[in-house]
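Trainee: pasted the sequence and its predicted model underneath.
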Amino acid sequence: MAEPPVIIWREEVEELLLYRDLVPLLEEALGKFSTRDTEEVIQPVRTAVPLSKHSGFMLLMPTYMEKDAVLCTKFVCMYKREEGSTLPAVNATVVLLDPERGNVKAVMDGEVITAMRTAAVSAISSKLLMDPGAEVLTILGTGTQALSHYNVFTEMFSFKEVRVWSRSIERAESFVRSLKGPVTVSSSVEEAVRGADVIVTVTRCTEPVLMGRWVKPGAHVAAVGACRPDSRELDDTLMKEAVVYVDSREGAMAESGDVILSGVKIFAELGDVINRVKPALRNKTTVFKSLGMGIEDAVPAKLIFDKWKAKSSSL
């Protein structure tokens, strides 16, 4: 008889999930995904269920990794909130199942997993695509994803300067005060990105906020916001001048407004670069359009559950 599922709350997820463990596992998983070997990864494009009454939608993101015996899905609800709303803009839950029996093994807080795995994949894109001598990092946005990206980028890389921009100077200043290292608040997007080597866009914008004419040649952009087909963060100039990489071609062509509305051709998946099927064009301006995939949730879910089991057995 199957054991009852465990519930792993936010505090335990934060304790058990570390970037130094997560990043190499995600890099390996991205390579597996891009092989298109169904014994490695089966992952449909996520399903979106509109929640029109509440100005949001629910995403369902299932993944099965046969060789690793991982069956997982994430439920994530995303909302367009009014300014000053106390309700969450994103709420996520990750469920890990036994692929042989079909029973639920664990239910986990998905917000920390989502924030950390998204930032980790952006960092992998930068590891592969940015100029090795990169010195200036810019983050557009000051929400949860901005914090997770700041944490992993400053842990993995040695930038001499970090800049932050937000539509609200007050939010930007509050965000910067919460960080450990020295960070500059920029008064405009143009000021923030001029001369930057790596630019992370983690905004709620639905219209382009980052213009290609501001981006220096050879910069790397990790574009994380605008995850619906009618939303954008990057303008046509940037999209058409850059070499575009994605996590999933199929996902990007179905969900990324930056890709769909600009009409650009996707050069490669990150997994293609990891597998050495396609080159990392570090000397070019590059864009990594992140949509997020179920496999990116399955990997940390298994890692957390395995650590939880080891910790419990030692008590």
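Mentor: Structure's in. What do you need?

Trainee: how's this structure carved up into domains?
Mentor: For the chain, the structural domains run 6-113+295-310, 119-292, going by automatic domain parsing.

Trainee: ok, residue 88 - contacts?
Mentor: Residues in contact with residue 88 (C-beta atoms under 8 Å, 6 or more residues apart in numbering) are residue 79. In this view, the C-beta of every residue, glycine as well, is placed from N, C-alpha and C.

Trainee: helix/strand/coil for it?
Mentor: coil (DSSP: H, G, I helix; E, B strand; the rest coil).

Trainee: gap between it and residue 17?
Mentor: Residue 88 sits 20 Å away from residue 17, going by C-beta to C-beta, to the nearest Å.

Trainee: please apply the same query to residue 213.
Mentor: According to C-beta to C-beta, residue 213 and residue 17 sit 39 Å apart.

Trainee: which one's more surrounded, these two?
Mentor: Neighbour totals were compared for residue 213 and residue 17, and residue 17 leads with 22 against 9 (other C-beta atoms under 10 Å).

Trainee: phi, psi for the more buried one please.
Mentor: phi -100, psi 110 (degrees, to the nearest 10).

Trainee: quick one: pLDDT of it?
Mentor: According to the prediction, residue 17 has pLDDT 98.

Trainee: surely residue 60 is in a strand?
Mentor: Yes - according to three-state DSSP, residue 60 belongs to a strand.

Trainee: now it: closest residue in space that isn't a chain neighbour?
Mentor: Closest residue to residue 60 apart from its sequence neighbours, by C-beta to C-beta, 6 or more residues apart in numbering: residue 47 at 4.5 Å.

Trainee: how near is residue 295 to residue 301?
Mentor: 10 Å.

Trainee: in the stretch 151-300 of the chain, what spans have low per-residue confidence?
Mentor: Within the stretch 151-300 of the chain, no range satisfies pLDDT under 70.

Trainee: in it, which spans are strands?
Mentor: Secondary structure of the stretch 151-300 of the chain by DSSP state E, counting those that start in this stretch: the strands cover 161-165, 184-185, 198-201, 220-223, 243-246, 268-269, 286-289.

Trainee: looking at those strands, which is buried most?
Mentor: Highest mean neighbour count of these: strand 220-223, a mean of 30 (counted as mean count of other C-beta atoms under 10 Å).

Trainee: show me what it is packed up against.
Mentor: Applying 3 or more C-beta pairs under 8 Å, 6 or more residues apart in numbering; DSSP states H and E, one finds that strand 220-223 contacts helix 110-129, strand 198-201, strand 286-289.

Trainee: can you list these in TSV and add distance to residue 143?
Mentor: TSV is the format used below for these (distance: least, C-beta to C-beta, whole Å):
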stretch	distance to residue 143
helix 110-129	9
strand 198-201	12
strand 286-289	19
